[in-house]
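Visitor: Show me how the following folds:
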Amino acid sequence: MTVAHIFTVAFQGIEAREVDVQVHVGGTGGGQFNIVGLADKAVAESRERVRAALAAIGLALPFKRITVNLAPADLPKEGSHYDLPIALGLLAAMGVLPASEMANYVAVGELSLDAQVTAVAGVLNAALAASAAGRGLICPAACGAEAAWAGDLSILATPSLIALVNHMKGTSVLSPPTPKLAETGRAVPDLRDVKGQESAKRALEIAAAGGHNLLMIGPPGAGKSMLAQRLPGLLPPLDAREALEISMVRSLAGELTDGAISRERPFRNPHHSASMAALVGGGLKVRPGEVSLAHLGVLFLDELPEFHAIMAQTHLDGFLTQTGSFWTNGDLACHLSAGTEICLPARRVRSGRAACRGRGGG
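Guide: As a prediction, this is how the structure comes out:
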């Protein structure tokens, strides 16, 4: 029995765990296409996307039993990025692509019905995992720039399935992607523009130097928001390691524009109507919330008492939920999802402001 292998990843927080995609074509039960290995609905639906994508490039699935195993079988598989590795594993099992060469790659990408390879979240994390395992990466062309930051590894950033097949057969060549650095689009407010408020400015400098939380209380118009917006300007520029760490969180959240990495400190200013899930992340498929997206930057909670999702909790400083499914220790935001502990980075300067209003509402 011949089994074709290609690798992909499953995300647990910002960690990308290796998944072996094993494809077998043959045996009785012609026409059946089964995906096993604790796959969710999005992965199960990849059968139809893969079938249509292969038809779009002029290939039909063989009338045999097709079995795709995503190993390890006890690790939950979620998301649409399994489309591309399943399709490539099928092509290797059918003899269209060399199976020995496919086994040296990690693949991530979603397939459209016309065989285009569309962008997915977490490509930078997958590229770092592939580099650590000594393998190459196959990813969407739209995500090639962020994958290029992973270092010295072979990257095939393909716009379509047929372009990748032609590259592997030597009839055309995919250009290697180049890393991009995001342009500084906004001017960071400068603390020297603030006249007066010497005590508040001193407190801001101490908070920035020591990474302390900061709570500003005062009447409306006293300058609390103006001061808080200048806090990122006091922080030093990100070094290469910190920029990569922040970009891993943003990649997982799908917020890397054109795959470009920024050297600016994040400044997150969520609205007070944000839910607890939006603030701390979570869900069945855990996604970073504002706490993690502010990693190594500033989380600004304007009108702090209006954040009902936070104020309703028994322990404000720890963001401890009543269900106990989320907690922080200052550096990590941890979730319990499907019985698995998942941790995301959450080291930041937390800044909040609350307006003091008199009885007349002034």
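Visitor: And the helices in the stretch 101-250 of the chain?
Guide: All helices of the stretch 101-250 of the chain, identified by DSSP state H, counting those that start in this stretch, fall at 123-132, 144-147, 161-169, 198-210, 224-228, 240-252.
Visitor: Same list (those) but as CSV, adding distance to S80, mean pLDDT and mean neighbour count.
Guide: Every C-beta, even on glycine, is put in place using the N, C-alpha and C of the backbone. Below are these laid out as CSV (distance: least, C-beta to C-beta, whole Å; pLDDT from 0 to 100; neighbours: other C-beta atoms under 10 Å):
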stretch, distance to S80, mean pLDDT, mean neighbour count
helix 123-132, 13, 96, 25
helix 144-147, 17, 94, 27
helix 161-169, 15, 97, 19
helix 198-210, 40, 91, 14
helix 224-228, 38, 89, 21
helix 240-252, 14, 89, 20
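Visitor: Quick one: closest of those helices to L153.
Guide: L153 lies closest to helix 123-132 among the helices of the stretch 101-250 of the chain, at 4.5 Å (C-beta to C-beta).
Visitor: so what does the closest one touch, helix or strand wise?
Guide: Contact here means 3 or more C-beta pairs under 8 Å, 6 or more residues apart in numbering; DSSP states H and E; on that basis helix 123-132 packs against strand 3-12, strand 15-25, strand 105-107, strand 136-140, helix 144-147, helix 240-252.
Visitor: Out of the ones you listed, flag the one nearest I162.
Guide: Closest among these, using C-beta to C-beta: strand 136-140, at 13.8 Å.
Visitor: How many residues are close by S154?
Guide: S154: 13 surrounding residues under other C-beta atoms under 10 Å.
Visitor: Test my guess that it contacts G134.
Guide: No - the criterion here is C-beta atoms under 8 Å, and S154 misses it with G134 at 10.4 Å.
Visitor: would you list the helices and strands packed on helix 123-132 in a markdown table and tack on distance to R202?
Guide: Output for the helices and strands packed on helix 123-132, formatted as a markdown table (distance: least, C-beta to C-beta, whole Å):
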| stretch | distance to R202 |
| --- | --- |
| strand 3-12 | 42 |
| strand 15-25 | 40 |
| strand 105-107 | 50 |
| strand 136-140 | 48 |
| helix 144-147 | 39 |
| helix 240-252 | 26 |
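Visitor: The helix or strand A53 falls within - what's its average pLDDT?
Guide: Element membership for A53 (DSSP states H and E) is helix 46-56. When pLDDT is averaged along helix 46-56, the result is 97.
Visitor: Give me the buried stretch members for it, please.
Guide: For helix 46-56, a neighbour-count test (16 or more other C-beta atoms under 10 Å) marks 46-47, 49-51, 53-54, 56 as buried.
Visitor: surely P270 meets E290?
Guide: Yes - contact criterion C-beta under 8 Å: P270 and E290 qualify, at 4.6 Å.
Visitor: Find residues that contact each of the two.
Guide: 278-279, 299 (C-beta atoms under 8 Å, 6 or more residues apart in numbering).
Visitor: Nearest to P237 among the residues you listed?
Guide: L299 (19.0 Å).
Visitor: secondary structure class for the closest one?
Guide: Under the three-state scheme (DSSP: H, G, I helix; E, B strand; the rest coil), L299 adopts strand.
Visitor: any idea of the pLDDT on it?
Guide: pLDDT, L299: 89.
Visitor: any low-confidence regions in the chain?
Guide: 1, 184-186, 283-285, 309-346, 348-362 (pLDDT under 70).
Visitor: okay, now the domains of it?
Guide: 3-178, 191-355 (automatic domain parsing).
Visitor: Single out the most deeply packed of those domains.
Guide: domain 3-178 (a mean of 20; mean count of other C-beta atoms under 10 Å).
Visitor: Compute the first-to-last residue distance for that domain.
Guide: 34 Å (C-alpha to C-alpha, to the nearest Å).
Visitor: and what of stretch 265-273?
Guide: End-to-end distance (C-alpha to C-alpha), stretch 265-273: 24 Å.
Visitor: Same question for stretch 32-42.
Guide: Start-to-end, stretch 32-42 (C-alpha to C-alpha) is 18 Å.
Visitor: Show residues contacting that stretch.
Guide: 19, 43-44, 46-47, 51, 61, 65-80, 82, 86, 285.
Visitor: residues touching the closest residue to E110 other than its chain neighbours, list them.
Guide: Counting by C-beta to C-beta, 6 or more residues apart in numbering, the nearest residue to E110 once its immediate chain neighbours are dropped is S80, at 4.2 Å. S80 sits next to 42-43, 46, 49, 110, 120 when contact means C-beta under 8 Å, 6+ apart.
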